[in-house]
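Visitor: following is a predicted model, sequence given first.
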Amino acid sequence: MNNAHHTARVGLFFLLGVALIWVTYETLGNRSSLKKSGYTLIAGFENLKELKAGDDIRMAGVRIGAVETTRLSNRRAEAVLRIEKKFTIASDAHATISSAGLLGTNYISIDLGSPHAPPLQPGSEIPTRVTADLNTVMAQIGELGGKLEDAFGSIGEMFKGDQDQPGLFQKVDKLLADNSAKIDEVMTNLQEITDKINHGEGTLGKLVNDPQLHDELLATVTAIKSAADDARTFVTNAQEMVDHVKTGQGTLGALIYDEKAGEDLKATTANLRSVSDKLAKGEGTLGKLINDDTLYTSARSTLQKADRALDGMSDSGPITAVGVVANALF
């Protein structure tokens, strides 16, 4: 009975070992199950960065296949990708070599591409993109560290100096030692100035300590700002007027840019000058009224006669009044 149990246990452990070996082979091997199904794509890179057969192919973090093999072709490295049949790759998708953490293995990462792009056909080539690997990044960091070391060394030499050329700290120390008296005087003056300001002396002290002066200054600044705004508005309006004049709009624009209006103005000015000349010479009725005293004297005499006639009408009848007026005038 014990022998039967012992034999059963040995057989169970043997089966578990075979299953473990098969799982390990499928996980770390060449993905032989994919070779029997799925389809292949070609991805070309300048450097495969230690990518090897059996490494994963992932899309959005999901495993969709494995690298079937790697090879050199036409002076470049190529990876043959075995994709499971249930997954399609957009024609505008790109493949990159990514790393699973600092110490993880490399794998092929494929983006989703656009939703309306047609799928890649089996055996076609997928576009690729180059990304910096860990070795490149570490090399660049090493170069940066070397440059920083050189820079810090130069800065240290600049501060330290030597016997022939003193350093920055030595120059500053010497400058302070040579000008200590002047520095003390400057500090004393600054102390006096700050004391006056604190006590409200001087213009700055009043500005700092007198609220009324501050309010007046603020009101002045506000008034200046308002005047500036008014000036800006005036300039804008003047510019609009100039623009209207330039386009011939309005009376002034028409006078400047309309030739007919200009000719009419010249003709009107000439007529006014002719009329004024005639008036000055006493020509015409208005000219005689202005220059002939006789007409003025006659008109005045007639008005006086009419005034006397009106005075006599108060004592006469209508018919008599008419006769009086006619006799007075004629």
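Guide: Structure received.
Visitor: all helices of the stretch 51-200 of the chain, in order?
Guide: Secondary structure of the stretch 51-200 of the chain (DSSP state H, counting those that start in this stretch): helices at 134-160, 168-178, 180-198.
Visitor: now those helices in CSV, with mean neighbour count, mean pLDDT and distance to Val275?
Guide: Quick note: C-beta positions are derived from backbone N, CA and C, even for glycine. Formatted as CSV, those follow (neighbours: other Cβ atoms under 10 Å; pLDDT from 0 to 100; distance: least, Cβ to Cβ, whole Å):
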stretch, mean neighbour count, mean pLDDT, distance to Val275
helix 134-160, 11, 73, 94
helix 168-178, 11, 74, 90
helix 180-198, 11, 84, 76
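Visitor: in TSV: these, plus distance to Thr294.
Guide: Shown next, in TSV, are the helices of the stretch 51-200 of the chain (distance: least, Cβ to Cβ, whole Å):
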stretch	distance to Thr294
helix 134-160	112
helix 168-178	106
helix 180-198	89
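Visitor: out of these, which gets nearest to Asn237?
Guide: helix 180-198 (44.8 Å; Cβ to Cβ).
Visitor: distance of Asn271 relative to Glu283?
Guide: Distance check for Asn271 against Glu283: by Cβ to Cβ, to the nearest Å, it reads 15 Å.
Visitor: and the pLDDT at Ala280?
Guide: Listed pLDDT for Ala280 reads 72.
Visitor: now do Ser298
Guide: At Ser298, pLDDT is 71.
Visitor: what count of nearby residues applies to it?
Guide: 11 (other Cβ atoms under 10 Å).
Visitor: show me what contacts Glu46?
Guide: Contacts for Glu46 (Cβ atoms under 8 Å, 6 or more residues apart in numbering) come out as 76-77, 130.
Visitor: before we move on, back to that, ok, Asn271 and Glu283, which is more surrounded?
Guide: Shown here are Asn271 and Glu283; by other Cβ under 10 Å, Glu283 has more neighbours (13 against 10).
Visitor: need the contact list for the more buried one.
Guide: Glu283 neighbours (Cβ under 8 Å, 6+ apart): none.
Visitor: per-residue confidence at it?
Guide: pLDDT recorded at Glu283 is 71.
Visitor: for Tyr25, same thing?
Guide: pLDDT, read off for Tyr25, is 61.
Visitor: what is the top helix by length along the chain packed up against?
Guide: Using DSSP state H to define each element, the chain has its longest helix at helix 211-246. Helices and strands touching helix 211-246, by 3 or more Cβ pairs under 8 Å, 6 or more residues apart in numbering; DSSP states H and E, are helix 202-209, helix 250-257.
Visitor: weakest of these in terms of mean pLDDT?
Guide: Lowest mean pLDDT of those: helix 250-257, a mean of 66.
Visitor: mind listing what's buried along the helix or strand where Ser274 lies?
Guide: Assigned by DSSP states H and E, Ser274 belongs to helix 259-281. Neighbour counts over helix 259-281 (16 or more other Cβ atoms under 10 Å) mark Leu279 as buried.
Visitor: what helices and strands are in contact with that helix?
Guide: helix 250-257, helix 284-291.
Visitor: with adjacent residues omitted, what lies nearest to Thr105?
Guide: Spatial nearest neighbour of Thr105, excluding adjacent residues (Cβ to Cβ, 6 or more residues apart in numbering): Asp55 at 6.1 Å.
Visitor: ok, then the element right after the helix or strand of the chain with the lowest mean pLDDT?
Guide: Across the helices and strands of the chain, mean confidence by mean pLDDT, DSSP states H and E is lowest for helix 32-35: a mean of 48. Counting by DSSP H and E, the element after helix 32-35 in chain order, helix or strand, is strand 39-45.
Visitor: which other helices and strands contact that following strand?
Guide: Short answer (3+ Cβ pairs under 8 Å, 6+ apart): strand 39-45 packs on strand 76-83.
Visitor: elements contacting the strand it packs on?
Guide: Counting by 3+ Cβ pairs under 8 Å, 6+ apart, strand 76-83 packs on strand 39-45, strand 56-59, strand 62-73.
Visitor: what lines up beside the last one in the sheet?
Guide: When you say that, I think you mean strand 62-73. Looking at strand 62-73 with DSSP bridges, its partner strands are strand 56-59 (antiparallel), strand 76-83 (antiparallel).
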